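Novice: Return atomic coordinates for the entry below.
(one chain, ligands or ions: 1)
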Amino acid sequence: MTGTNPPTLISVQNLYKRYGRKPVLRGVDLCVAEGQVVALLGANGAGKTTLLRLISGLAKPERGEISLAGVTFRRAGHELRRYIGLVSHAPLLYDNLSAEENLHFFARMYDLQAPTARIESVLRAVDLWPRRRDPVRTYSRGMVQRLAIGRAILHNPPVLLLDEPDTGLDQTSADMLHHLIRQLGAANRAILLSTHNLDRAVEWADSVSLLVGGKIVLQEPTAHLSGAQLRRLYADASDQI
Ligand code: ATP
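Specialist: The predicted structure follows:
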């Protein structure tokens, strides 16, 4: 059987970032291919959010190269933001508006054509269609998180970045999010998500990347990996620095 490898949608090469005199990233290399979910791991302050912000163009690196779907940031600049959906710690939603109203607002920002049909399909995908007319302030944490993902995928970006999307979710909400991430990944996207939960990283992602001392020190496919094995690898890799 001849198979072609799926294209790399996120490519980060030799990335450096410092805040003031403090180096945070010191030569990060990372690739995520189409259809792949990669979990980014690391202790508090390791630089996971910083890396996601750099990839989404919200901050600039000192050195290094970021390409999305083969196009480098340097060449395309702001245009590349259209390739990206980002769910950060703050959900960036209007509490007094309903899910539907929020998505209509963001659809105007993205200048989406035929927004009504797209909004319906997104609300169904994130399982909020029955609650679409309720104000966001009445939603549970899991619903808010799913709507934040809906906002991030509204313009159908090939790259989805999720910063600790599982924080504060109960088991049912986490299971729904897992299912949603799988569906979104299967739809030809590249997904990079950060998490502190190693069992979830193994369960949700195709591979894990561990950030220690400003570098990726471990990259491991999850296909034959257990949570316990990852915990050992994590501890060993963290000790070596
Ligand atoms: P956590 O798991 O706690 O969310 P993280 O791995 O996402 O942590 P970052 O938030 O990227 O880590 O922070 C990495 C380092 O950079 C930390 O020491 C943090 O204090 C510092 N830092 C992040 N943003 C800024 C900023 N805007 N100005 C100054 N320092 C910053």
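
Novice: Using PDB, list the CA coordinates for stretch 214-221.
Specialist: The C-alpha coordinates for stretch 214-221 follow below in PDB (Å, rounded to 0.1, in the frame of the first residue of the first chain):
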ATOM      1  CA  GLY A 214      12.400  26.200  27.300                       C
ATOM      2  CA  LYS A 215      12.800  23.200  25.000                       C
ATOM      3  CA  ILE A 216      10.800  20.200  23.900                       C
ATOM      4  CA  VAL A 217      12.600  17.400  25.700                       C
ATOM      5  CA  LEU A 218      10.200  14.500  25.000                       C
ATOM      6  CA  GLN A 219       8.000  13.700  22.100                       C
ATOM      7  CA  GLU A 220       6.100  10.400  22.400                       C
ATOM      8  CA  PRO A 221       3.300   8.800  20.400                       C
END
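
Novice: Quick check: which ranges of the chain have low pLDDT?
Specialist: Within the chain, the ranges that satisfy pLDDT under 70 run 1-3, 74-78, 240-241.

Novice: Show me which residues of it sit near the ligand.
Specialist: 19, 24, 42, 44, 45, 46, 47, 48, 49, 50 (C-beta under 6 Å from any ligand atom). Yep, even glycine has a C-beta here, placed from its N, CA and C like the rest.

Novice: Quick one: buried ones out of those residues?
Specialist: Buried subset of these (neighbour count, 16 or more other C-beta atoms under 10 Å): 24, 42, 46, 47, 48, 49, 50.

Novice: Tell me the one of those nearest residue 66?
Specialist: Of all these, residue 50 has the smallest distance to residue 66: 12.7 Å, by C-beta to C-beta.

Novice: Torsion angles phi and psi at the nearest residue to that closest one once chain neighbours are set aside?
Specialist: Counting by C-beta to C-beta, 6 or more residues apart in numbering, residue 24 is the residue found nearest to residue 50 once chain neighbours are left out, at 5.1 Å. When read as degrees, to the nearest 10, the backbone of residue 24 gives phi -110, psi -50.

Novice: In this structure residue 24 contacts residue 49, no?
Specialist: No: using C-beta atoms under 8 Å, residue 24 makes no contact with residue 49, being 9.7 Å away.

Novice: biggest helix in the protein, by residue count?
Specialist: Identified as the longest helix of the chain according to DSSP state H is helix 171-186.

Novice: so which two of the residues of the chain next to the ligand are the farthest from each other?
Specialist: Maximum pairwise distance among the residues of the chain next to the ligand (C-beta to C-beta): 16.1 Å, between 19 and 42.

Novice: what is the most centrally placed residue in the chain paired to in the beta sheet?
Specialist: Taking C-alpha atoms, centre = their mean, the centroid of the chain lies closest to residue 161, which sits 2.0 Å from it. Counting by DSSP bridges, residue 161 is bridged to residue 86, residue 192.

Novice: Verify the stated contact: it with residue 81.
Specialist: No: with contact defined as C-beta under 8 Å, residue 161 does not reach residue 81; the gap is 11.3 Å.

Novice: Identify the contacts common to the two.
Specialist: Common neighbours of residue 161 and residue 81 (criterion: C-beta atoms under 8 Å, 6 or more residues apart in numbering): residue 56.
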